[in-house]
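**Q** Got a predicted structure plus its sequence, pasted below:
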Amino acid sequence: YTAVEVSGNHPTRLPHPSSTMADVNIIVPTEDDSIIYACTYTDNEILAHIPKGEHGEGIYAWSLNGKTGKLTGPLAINEVTPNPAFLLKHPTKDVIYASTECIHKEECGEIISLAATPDGSLKELGRVSAGGRSTCYLTMHKSNAVMAAVNYWDAIVTLLPVNKSDGVVKPVCNSHMQPGAQYVFDKNPDRVEHWTHRQRWPHTHCFVTEPYNKRFHFVPDLGVDKIWWYSIDTTKGAGELVLHGGVQLKKEQGPRHAVFHPRVRSMYIVNELKSTVSVLKYQEKVPDSVSTEVLEEDSMDPSATLAHYQTLRTLPDDFESNDHHKSHASEIRLHPSGKFLFIANRGHDSIAVYSIDEANHGELTLVSITPSGGVFPRNFNFAGKFVVVGNQNSNNLTVFDFDMDQGTMKVVDTAAQPSPNFIFALPASCLSAPPKRLSMRVHIGLLLFFLVFWIYAAFFVGHRADL
């Protein structure tokens, strides 16, 4: 392995809101109105956990006013089943991908390709198995030709080809299961055992790409407190995962989701079980082209690929954070400006906001902790200057206006929404309007015109002997 020296912070342009492996969780601010998609659970019996919110119908679409933050809708209720829990848009096509969560049988997790329109409706184009159970994360390769999927329950990461012409996902072409995940197939654990022993076996939770060279991809494993890193060899078929190493984190933290800063070579990772957030300095290492060695590192080693720099709580000092049943962190997102980091707390029911010191390895300082506007904020996302929070157990969406000068949030709207588990925002202008259909009046007019023309031709022109 060769260490890569880096000089400077290498600014990176903030990309389009459709996520790729290199820009996941970074969304371009827009003054346009947005479409807000809220995923819901449709069948609690086959989930890895037991939600307390109401049953939903699938994916709900709302309109958000880009100036006021007011929600209108739902525009559409799309019956996408079972249990859609993650959304991703194709970078260049009006196709949205949904992953489904279930644990009741092998390879039951699916990826559903959906045609999206500005009215919020979604039409299924196809669905394939994601190659595992409880599929929780999707990422598109920079080529747009292959997608990575993360299966939480059995810690299987898969690659799936993406059709070039229509963007529809095709069946799994490559997969990799983490060491220790065979436990799922040998012991067939249920969700009670899972909730009691969150780290009895591996649980891969997301798949993110460093945005600096877009070469390596990182997979946090909540079950073993580790971050695995891969490359994708696109010379072998549609693509093949190549495991290069694993970075061991502090035990019993439960790393869940991660984001890279676009200008500072640092990763931020939210630790679900201890309600903390860690800053890890990214120091790229390039494997030898012929080496098959899997590099084992410890994050406390200053020379590690991901070297520990800082860990902070996501909860107030007076709130107990050692028992994840009382509160556990959920989503982590980087503000589009790159100046703030947001983390949601389920149990304490709040959103923590940190300022980022770009001159000091992206060091974090807690700025505010704001009530989420409901119970159990499982997910949230940015829509222009607003933050939309999905409160799962209180069945509502809450919209906040974010003050970048103060780093604080203020409620501007709320709406009833069954059991939101994932929030996805798109500028309404980024979806193509469907071809306009002729009105019924125009259809009738054209029909009468052709009918009169046919009568004229048949009875007048047709009887002339000189023609």
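**A** Looks like it came in fine.
**Q** ok, which stretches of the protein are helices?
**A** Using DSSP state H, the helices found in the chain span residues 182-187, 191-196, 440-456.
**Q** Quick check: bridge partners of Leu312?
**A** Going by DSSP bridges, Leu312 is paired in beta bridges with Val277.
**Q** what residues are up against it?
**A** The contact partners of Leu312, by C-beta atoms under 8 Å, 6 or more residues apart in numbering, come to 276-277, 354, 364, 366. No exception for glycine: its C-beta is placed from N, CA and C like everyone else's.
**Q** swap the cut-off to 10 Å and go again
**A** Leu312 sits next to 276-279, 341, 343, 352, 354, 363-366 when contact means C-beta atoms under 10 Å, 6 or more residues apart in numbering.
**Q** which regions of this protein lie under the pLDDT threshold?
**A** Applying pLDDT under 70 to the chain flags residues 1-30, 290, 434-447, 449-467.
**Q** again, only this time at 80
**A** Scanning the chain with the threshold set as pLDDT under 80 gives 1-31, 288-291, 320-324, 432-467.
**Q** ok so, going back, list only buried entries from the contacts of Leu312.
**A** 276-279, 341, 343, 352, 354, 363-364, 366 (16 or more other C-beta atoms under 10 Å).
**Q** Which single one of these is nearest to Pro255?
**A** Set against Pro255, the nearest of these by C-beta to C-beta is Ser278 (7.9 Å).
**Q** Contact partners for the closest one?
**A** Ser278 is in contact with 249-250, 253, 255, 258, 266-271, 299, 306, 308-312, 364, counting by C-beta under 10 Å, 6+ apart.
**Q** Tell me the spacing between it and Asn381.
**A** Computed as C-beta to C-beta, to the nearest Å, the Ser278 to Asn381 distance reads 22 Å.
**Q** Same question for Lys410.
**A** Distance, Lys410 to Asn381, using C-beta to C-beta: 17 Å.
**Q** now Pro262
**A** 17 Å.
**Q** Looking at those two now, which is surrounded by more residues?
**A** Asn381 (25 against 20; other C-beta atoms under 10 Å).
**Q** got the contact list for Phe319?
**A** Residues near Phe319 by C-beta under 10 Å, 6+ apart: 275, 313, 326-327, 345, 347-348, 350, 369.
**Q** quick one, strands of the stretch 201-350 of the chain?
**A** 208-209, 217-221, 226-233, 240-248, 255-260, 266-271, 276-282, 285-286, 295-298, 306-313, 328-334, 340-346, 350-357 (DSSP state E, counting those that start in this stretch).
**Q** if I look at Pro220, how far off is Pro202?
**A** On the measure of C-beta to C-beta, Pro220 and Pro202 end up 11 Å apart.
**Q** Common neighbours of these two, please.
**A** Residues within reach of Pro220 and of Pro202 at once, by C-beta under 10 Å, 6+ apart, are 226, 228.
**Q** More neighbours: which of the two?
**A** Pro220 (30 against 24).
**Q** beta partners of the closest residue to the more buried one other than its chain neighbours?
**A** Excluding its sequence neighbours, the residue lying closest to Pro220 (C-beta to C-beta, 6 or more residues apart in numbering) is Pro255, at 4.0 Å. Per DSSP bridges, the residues bridged to Pro255 are Asn271.
**Q** How about the contacts made by Pro255?
**A** Shown in contact with Pro255 (C-beta under 10 Å, 6+ apart): 203, 205-206, 219-227, 247, 249, 269-274, 276, 278, 280.
**Q** Format the strands of the stretch 201-350 of the chain as TSV; extra columns: distance to Ile112.
**A** Formatted as TSV, the strands of the stretch 201-350 of the chain follow (distance: least, C-beta to C-beta, whole Å):
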stretch	distance to Ile112
strand 208-209	22
strand 217-221	22
strand 226-233	23
strand 240-248	22
strand 255-260	21
strand 266-271	27
strand 276-282	32
strand 285-286	36
strand 295-298	36
strand 306-313	33
strand 328-334	21
strand 340-346	25
strand 350-357	29
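**Q** With respect to Thr158, which of those lies nearest?
**A** strand 240-248 (8.3 Å).
**Q** Which neighbouring elements make contact with the closest one?
**A** In terms of contacts (3 or more C-beta pairs under 10 Å, 6 or more residues apart in numbering; DSSP states H and E), strand 240-248 is packed against strand 156-161, strand 174-177, strand 217-221, strand 226-233, strand 285-286, strand 295-298, strand 306-313.
**Q** Try it again at 8 Å.
**A** Contacts defined by 3 or more C-beta pairs under 8 Å, 6 or more residues apart in numbering; DSSP states H and E place strand 240-248 against strand 156-161, strand 174-177, strand 226-233, strand 295-298.
**Q** Same list (the ones you listed) but as TSV, adding mean neighbour count and distance to Ala85.
**A** Conversion of the helices and strands packed on strand 240-248 to TSV gives the following (neighbours: other C-beta atoms under 10 Å; distance: least, C-beta to C-beta, whole Å):
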stretch	mean neighbour count	distance to Ala85
strand 156-161	24	16
strand 174-177	19	20
strand 226-233	21	22
strand 295-298	15	31
